[in-house]
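A.B. asks: My questions are about this predicted structure, shown below with the sequence.
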Amino acid sequence: MILHIFSLPFLAGIASAINLKVSSTGGNASSPLMYGLMFEDINHSGDGGIYAELINNRAFQGSRAFPSTLEPWVPVGNAVFTLQNTSIPLSSALPTSINVAPGPLSRDAKIGLLNPGWWGIDVKPQKYTGSFWALGSYKGHFTVKLQSNLTDDVFASVEIPSSCQPSKWVEHKFELEPNHAAANSNNTFVIEFEPGSGAVNFNLISLFPPTYKNRPNGNRPELMEALKALNPSFLRMPGGNNMSVLLNTNYLSNTNFSSERGTSGTTLGGGTRRLVLSPNVPAVQVHGVMATPTDWVLLNISTYIFFSITHYPRLFPLLIMYQWCTDLEVEPLLAVWAGMYLGSDADHILSAEALAPWVDDTLNELEFILGPISTPYGALRASLGYHEPWALKYVEIGNEDNLYTNGGSTYAAYRFSVFYDAITAAYPDLKIISSTGDYTAVGGNGETASWTDFHTYSRPDTLVSMFDKFDHASREYKTLIGEYAIVQENLNGQLAGVNWDLPKFPQPVWIGAVSEAIWSIGAERNSDAVVGMSYAPGFQNLNSYNWSVSLLCSALSILMSFVSSNSLSFSCIGILPSTIINN
């Protein structure tokens, strides 16, 4: 971490040049939520990022917008690949599988399939756990291995007897444990088999290294440990515009989650659980479970979709996010969609009438989180192994709903109130947060007063000039700073805003960290008005990204992570216990 770069005498020398006089009285007690986290799935933050799955495109997911693809799978031997929707799908959520057949010249040589992982696979002397589902008549053995892509080195290999059946998908589990580390991350995962019995269909092919706290389908330990070291107080989930996906992608539907709306069974959780989901919505596999992209639910699904550079649709899971909160010991701050799609389509903002099913879904989601097992969705949660309701105190309605010419006006006119009224009627103790960063949409008063979520992306001098922004902010309708960051350099001595047509900083810079720290102190000294703040975005995957300044940077293929200089302001302030900041 950057905190370790400088020696204590060096830091002491800086400190000795500054004289501070701190009063022992007055000021505001810092909010217990002051420094938190947000997760927005850009920059390959999820798949190929904090999520520990090593296989890239493990379930051949697709949709009407982004069809299923074979990339990046590579044939082994004389194998021939075909994407198939078999008459017996693994589930209605995973209809597409890869058919691996012997080519015309295949004889005794093995055939199979190879996956390069996400920019390679880091091989260490540790246990890797994996599985795949297969369909066919093959009765021999499968060979599963981790091998170099540059040399003949095989780091680990295991033979698995086939349990294939021609009329039923069968799961095959395995473990790989290399006895030494690879020299680099240019390694691949391979499944091979004898070609004599014909073709085999494969789906949901998975390989995990050890995960944080050994959670199944869990996260990378070093990235979670880096987050934990920041001593955050909350997790805003999901964060960013991932919630408001483009209208014309056909991912969203108002028939998204209700057992009364659909007729097809969708398998969840390794083929042992079934739920009824709409047959008219494209379905995807999500982090070890299967469900439709429109659903918040159901075992590991959140309220939004994110898009990877390779155009595979993905969702990041609600249950995994709750596990984050448990593991990091932070408060969950849940966001729900508020009826505005990204884009300029005429109907990208829903009418009050069209919001009704989305309000119902929000209440179902809250019942899933908070409801006793005597309720339908509380019982569903319990059936997944979570008998006790989860903790939840804060719900944000939407994200940046002040965008576009009519975003803020429709939000203030009806969109906020439709959700606010329904949520508070069912759960009066929840603190509701508006997403426009102002006081145009508020609810309640006094102890029940809503909060608002303010976002800013800026230049160093401009942000410092906003040091006193919250000096006169409402003390009743408090402010959450859900996203903030320095993204561009100063502009000719002017106090200018961000020009999104110009490049962002290519990497974190010290002037950004210093200006963010100054502004953060200005917010914290107004802790009677500002309840908390979270830097955005949370992750930058150095292998593939489109937003260059983030809280935590990582080179994921070699599992090397470091905290950015911008997060130093978070670290230096956020790791301290609650303090008194004088005005």
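C.D. replies: Looks like it came in fine.
A.B. asks: Can you spell out which residues form a bridge with residue 132?
C.D. replies: Beta-bridge pairing for residue 132 (DSSP bridges): residue 172.
A.B. asks: and what of residue 331?
C.D. replies: So, taking DSSP bridges as the rule, residue 331 has residue 234 as bridge partners.
A.B. asks: didn't it look like it was pressed against residue 232?
C.D. replies: No: contact between residue 331 and residue 232 fails when scored by Cβ atoms under 8 Å: they sit 9.4 Å apart. C-beta here means a position set from N, CA and C on the backbone, and glycine is covered the same way.
A.B. asks: what's the overlap in contacts for those two?
C.D. replies: Residues touching both residue 331 and residue 232 (Cβ atoms under 8 Å, 6 or more residues apart in numbering): residue 36.
A.B. asks: Give me the more crowded residue out of these two.
C.D. replies: A count of neighbours by other Cβ atoms under 10 Å puts residue 232 above the other of residue 331 and residue 232, at 25 against 19.
A.B. asks: Tell me who's in contact with the residue nearest to residue 38 when sequence neighbours are not counted.
C.D. replies: Using Cβ to Cβ, 6 or more residues apart in numbering and skipping the chain neighbours, the partner closest in space to residue 38 is residue 239 (3.4 Å). Residues in contact with residue 239 (Cβ under 8 Å, 6+ apart) are 38-40, 335, 399, 482-483, 534, 536-538.
A.B. asks: and with 7 Å instead?
C.D. replies: If a contact means Cβ atoms under 7 Å, 6 or more residues apart in numbering, then residue 239 has 38-40, 482, 536 as its contacts.
A.B. asks: do residue 366 as well
C.D. replies: Shown in contact with residue 366 (Cβ under 7 Å, 6+ apart): 423, 426-427.
A.B. asks: could you redo the last one with a cut-off of 10 Å?
C.D. replies: By Cβ atoms under 10 Å, 6 or more residues apart in numbering, the residues touching residue 366 are 296, 334, 336, 377, 392, 395, 422-423, 426-427, 430.
A.B. asks: just checking, it is part of a helix?
C.D. replies: Yes: assigned with DSSP: H, G, I helix; E, B strand; the rest coil, residue 366 falls within a helix.
A.B. asks: Going along the chain, name the helices of this structure.
C.D. replies: Ranges of helices within the chain are 8-16, 221-229, 318-328, 356-370, 376-383, 407-410, 416-426, 460-465, 510-524, 566-574, based on DSSP state H.
A.B. asks: is residue 191 in a bridge, and if so with what?
C.D. replies: Beta bridges link residue 191 to residue 113, residue 144, judged by DSSP bridges.
A.B. asks: Against residue 162, how distant is it?
C.D. replies: Using Cβ to Cβ, to the nearest Å, residue 191 is found at 11 Å from residue 162.
A.B. asks: what residues do those two have in common as contacts?
C.D. replies: Counting by Cβ under 10 Å, 6+ apart, the residues touching both residue 191 and residue 162 are 134, 142, 172, 200.
A.B. asks: Mind picking the two most distant members of the residues you listed?
C.D. replies: 172 and 200 (10.7 Å; Cβ to Cβ).
A.B. asks: where does the stretch 351-500 of the chain have low pLDDT?
C.D. replies: For the stretch 351-500 of the chain, not a single residue meets the criterion pLDDT under 70.
A.B. asks: hmm, I was thinking of the chain
C.D. replies: For the chain, the stretches with pLDDT under 70 are 1-17, 63, 106-108, 245-317, 556-583.
A.B. asks: Domain-wise, how is it divided?
C.D. replies: Domain assignment for the chain by automatic domain parsing gives 32-52+213-581, 74-210.
A.B. asks: Quick one: distance of the last one to the chain centre.
C.D. replies: Using Cα atoms, centre = their mean, to the nearest Å, the mean C-alpha position of domain 74-210 is found 27 Å from that of the whole chain.
A.B. asks: Can you check the distance spanned by that domain, start to finish?
C.D. replies: 26 Å (Cα to Cα, to the nearest Å).
A.B. asks: Begin at 26 from now on, thanks
C.D. replies: Understood, numbering begins at 26; the last thing we discussed is domain 99-235.
A.B. asks: if we can go back for a sec, ok, residue 216 and residue 187, which is more surrounded?
C.D. replies: Using other Cβ under 10 Å, the more surrounded residue of residue 216 and residue 187 is residue 216, with 25 against 19.
A.B. asks: excluding its backbone neighbours, what's nearest residue 506?
C.D. replies: Spatial nearest neighbour of residue 506, excluding adjacent residues (Cβ to Cβ, 6+ apart): residue 558 at 3.7 Å.
A.B. asks: how close does that neighbour get to residue 495?
C.D. replies: 10 Å.
A.B. asks: for residue 228, same thing?
C.D. replies: Distance from residue 228 to residue 495, by Cβ to Cβ: 52 Å.
A.B. asks: cool, and residue 350?
C.D. replies: Separation of residue 350 from residue 495 (Cβ to Cβ): 27 Å.
A.B. asks: do the same with residue 383
C.D. replies: Distance from residue 383 to residue 495, by Cβ to Cβ: 32 Å.
A.B. asks: do residue 86 as well
C.D. replies: Here the criterion is Cβ to Cβ. By it, residue 86 lies 44 Å from residue 495.
A.B. asks: Any idea how many residues pack against the residue nearest to residue 94 when sequence neighbours are not counted?
C.D. replies: Distance criterion Cβ to Cβ, 6+ apart; nearest residue to residue 94, sequence neighbours excluded, is residue 82 at 6.8 Å. Using other Cβ under 10 Å, residue 82 is surrounded by 20 other residues.
A.B. asks: Hmm, residue 244 and residue 564 touching each other?
C.D. replies: No: taking contacts as Cβ atoms under 10 Å, residue 564 lies outside contact range of residue 244: 11.4 Å.
A.B. asks: Please enumerate the shared neighbours of the two.
C.D. replies: By Cβ under 10 Å, 6+ apart, the residues touching both residue 564 and residue 244 are 71, 74-75, 252.
A.B. asks: now, which of those residues sits nearest residue 394?
C.D. replies: Among those, residue 71 lies closest to residue 394 (Cβ to Cβ), at 20.6 Å.
A.B. asks: related to what we said a few turns ago, what touches both of residue 197 and residue 225?
C.D. replies: The contact sets of residue 197 and residue 225 overlap at 157, 159, 167, 187, 189, 216 (Cβ under 10 Å, 6+ apart).
A.B. asks: biggest separation within these, which pair?
C.D. replies: The most widely separated members of the shared contacts of residue 197 and residue 225, counting by Cβ to Cβ, are 189 and 216 (12.5 Å).
A.B. asks: Give me the common contacts of the two.
C.D. replies: Common neighbours of residue 189 and residue 216, counting by Cβ under 10 Å, 6+ apart, are 159, 167, 197, 225.
A.B. asks: Return the distance of the second one relative to residue 187.
C.D. replies: When distances are taken as Cβ to Cβ, residue 167 and residue 187 turn out to be 6 Å apart.
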